[in-house]
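K.L.:
Got a sequence here, can you build the structure:
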Amino acid sequence: MLTVDFDRLGLVRGERLLDLGSGGGRHAFEAMRRGARVTALDYSASDLKDVAAVAGAMITSGEAAFEQWAGVVNADALDLPFPSNAFDRVIVSEVLEHVWDDERALTEIARVLRPGGRIAATVPTRWPERVSWALNWHYHDTPGGHVRVYRQHELELKLERAGFFLRGSHHAHAFHSPYWWLKCAYGLDNTEAAPVRRYHDFLCTLIEHNPRWARVTERALNPVLGKSVVLYGEKVAPTMAKWGKRSLG
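P.N.:
Here you go, the predicted structure:
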């Protein structure tokens, strides 16, 4: 289940991609399938162990080439352990809402991207996120929880201040918003509640079979109900970044 549209990211075979906050590695694995040389970075060493195992299996099975895997890095988004201009593309998906100093993280991303490199940044959409916050305080007021709710315009301004020219946006995962509302209503750790379990099974079925009716319906619902908003940007001179959205019309 991908949040980022790789065609809109403009990923080209052979490019260096950083999946920052890779989690389980879903975007890293897709980038490998598309021929990128991928580095997965996360704060969780246990998640990275799993990502490395899957990447190794992809190489062993021939699904990806050895050259497409640059390895895992256990590090902090506020102090990236890479030289400047080290990557062609960066994905930071469902990460910035967890980071207190999100502007510093974006500045670090801009530093490690080459001039003309692209970023795809995804965060929870504002009103579905507000519903989750209202239903259950554990959703945000716990270690590792969400520390802010974004308005799309606020994140756009932060991207521009970091030196990115905005290249468009879209919403994703409309079917997932109700799932999180159910989890918040019945308890985030209560996986046995019947409504939560049944909706989870429904989502798993959609992900596994990807029926056309679900793709069409979710695409129609995404602008209103989408769980995530995805923003795309290109690294440019800071004086140019602020004109991005205006130039795109």
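
K.L.:
my guess is residue 113 contacts residue 90, does it?
P.N.:
Yes. Counting by CB atoms under 8 Å, residue 113 touches residue 90, with 5.8 Å between them. In short, each C-beta sits where N, CA and C put it, glycine included.

K.L.:
Find residues that contact each of these two.
P.N.:
residue 119 (CB atoms under 8 Å, 6 or more residues apart in numbering).

K.L.:
tell me the pLDDT at the residue sitting furthest away from the middle of the chain?
P.N.:
Of all residues in the chain, residue 194 has its C-alpha farthest from the mean position, at 29.1 Å, by CA atoms, centre = their mean. pLDDT for residue 194: 95.

K.L.:
Specify the local secondary structure of residue 104.
P.N.:
The three-state label for residue 104, taken from DSSP: H, G, I helix; E, B strand; the rest coil, comes out as helix.

K.L.:
residues contacting it?
P.N.:
residue 78.

K.L.:
Check what pLDDT it gets.
P.N.:
Note on residue 104: pLDDT of 97.

K.L.:
Please report how far it lies from residue 117.
P.N.:
19 Å (CB to CB, to the nearest Å).

K.L.:
Could you find the closest non-adjacent residue to the most centrally placed residue in the chain?
P.N.:
Averaging the C-alpha coordinates of the chain gives a centre point, and the residue nearest to it by CA atoms, centre = their mean is residue 93 (1.4 Å). With CB to CB, 6 or more residues apart in numbering as the measure, residue 122 is the residue that lies nearest to residue 93, at 4.4 Å, once sequence neighbours are left out.

K.L.:
Quick check: that neighbour is in a strand.
P.N.:
Yes. Counting by three-state DSSP, residue 122 is located in a strand.
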